[in-house]
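>>> Next one to model:
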Amino acid sequence: MNVQTHNLVTGDVTKFQELLKEKGLYNKVVNERPVLKTIPVSKVIEIEAQRDTQVGWAYKQIVKRNGVDNGIFEPISVMEEDDGFFYCYDGLGRTAIYQLAGLTDIDAWVSTGSKVEAASRFTHKNKYGIRTVSPESIFSAEVESQDPEAVEDVGSLGKIGLCVRTNHNKVIPTASKDPQIKLAGFKKAMKFADGNLEVLRMARDIIVDAYPEVLKDNGMVRADLFVGLVIVLNTFEILQRPGKPFEQLQEFISSYGKMMEQVKLPFKKEGGNQHNKESESVAYGIVKLFTQSKFVTSNTTSNVRHKVLRERYDLAEQRV
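Predicted coordinates:
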């Protein structure tokens, strides 16, 4: 079967089309097509189980777009009942935006039916029909729209030798051959290092030295290990390169690379896996095990103390 899909469809399309044919669902459309109308905002009614709308959120949406932006705030979806009201099953937040902005009418996709049917559609859309958009996908759109912060992040990723995968066939920076990292990990590392790209580059190089396989096919750098190393390097300048202490830390991490995968590393557990301080726990665990290892010299241990991390990040003491 000759099947044409958009470029981001993955999987065996022909197989699932054949399954649809077997179930009698191929080329089958149900329900009438909603009609686009302009309706009074005052006639829009919420249905059961919809979440609250914070007025502060609605206010920010208006301010961000310098008004109610019809290019962003698309028509809501409603079910028109015999009582003359429109029961909204998609777009209650947009309705609040229009109400807050003092607008009396709103565009809506209108179907004829009951509020029970509206509740059924709401259930399906929110339980089965919504695909969560990843931070990486949003980042890709921000780069495409030339958002200044996103564009700056692209440059930073290139300088430290990492990339972010945004879908199955695209990474940012475009066509990068560098290892990949989750966007949240990169952002967190930038925050801990106060934007010091050299510290991030050092952490990246330590991981690549320990796990050279991540250089193949945009292999994954574990965000917790990366951020933990960034915290350690940013906290203890003596561990930064060039110098013997940096080499000792590199050898220490590489020794674990020969024994276990990144996902199995013990640093977070050794650091106490402290609530809401997972990255700091990893850093603490790295320092704890590093200063006990055969790779460290007395000069290094005298300058790399657990106490510094405990006090800086308000961590509970982990006994040796």
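
>>> Quick one: mean pLDDT for the longest strand along the chain?
Of all the elements of type strand in the chain, the one with the most residues (DSSP state E) is strand 105-112. Regarding strand 105-112, the rounded mean pLDDT is 96.

>>> Enumerate the positions of the very next helix or strand once past that strand that are buried.
Under the assignment DSSP states H and E, the closest C-terminal helix or strand after strand 105-112 is helix 115-124. Applying a neighbour-count criterion of 16 or more other C-beta atoms under 10 Å, one finds Lys115, Glu117, Ala118, Ala119, Arg121, Phe122 buried in helix 115-124. C-beta coordinates here come from the backbone N, C-alpha and C atoms, glycine included.

>>> returning to that earlier point: adjacent strands (with direction) for the longest strand of the chain?
strand 35-40 (antiparallel), strand 76-80 (parallel) (DSSP bridges).

>>> That strand versus helix 115-124: what angle between them?
100 degrees (axes from the mean of the first three to the mean of the last three C-alpha atoms, to 10 degrees).

>>> okay, Leu315: pLDDT?
Leu315 is given a pLDDT of 88.

>>> Just to be sure, it is in a helix?
No: per DSSP: H, G, I helix; E, B strand; the rest coil, Leu315 lies outside any helix segment and is coil.

>>> Would you check how far apart Lys170 and Glu136 are?
Distance of Lys170 to Glu136, computed by C-beta to C-beta, to the nearest Å: 10 Å.

>>> Glu81 too?
From Glu81 to Glu136 the distance is 41 Å (C-beta to C-beta).

>>> Which parts of the stretch 101-250 of the chain are helices?
Per DSSP state H, counting those that start in this stretch, the stretch 101-250 of the chain carries helices over the ranges 115-124, 135-144, 148-160, 183-192, 197-210, 223-235, 244-257.

>>> what does the third one rub up against?
In other words, helix 148-160. 139, 142-143, 163-164, 172-173, 176, 178, 186-187, 190, 197, 200-201, 204 (C-beta atoms under 8 Å, 6 or more residues apart in numbering).

>>> pLDDT weak spots in the stretch 1-150 of the chain?
1-2, 48-50 (pLDDT under 70).

>>> where's Thr5, which helix or strand?
Applying DSSP H and E, one finds Thr5 in no helix or strand.

>>> Near the residue lying closest to it once chain neighbours are set aside, how many residues? Count them for me, please.
Spatial nearest neighbour of Thr5, excluding adjacent residues (C-beta to C-beta, 6 or more residues apart in numbering): Val13 at 5.8 Å. Using other C-beta atoms under 10 Å, Val13 is surrounded by 13 other residues.

>>> Offset the numbering so it begins at 45, please.
In the new count, where the first residue is 45, that last one comes out as Val57.

>>> these two touch, right, Val57 and Gln48?
No: between Val57 and Gln48 there is no contact under C-beta atoms under 8 Å: 9.2 Å.

>>> Fine, thanks again, bye for now.
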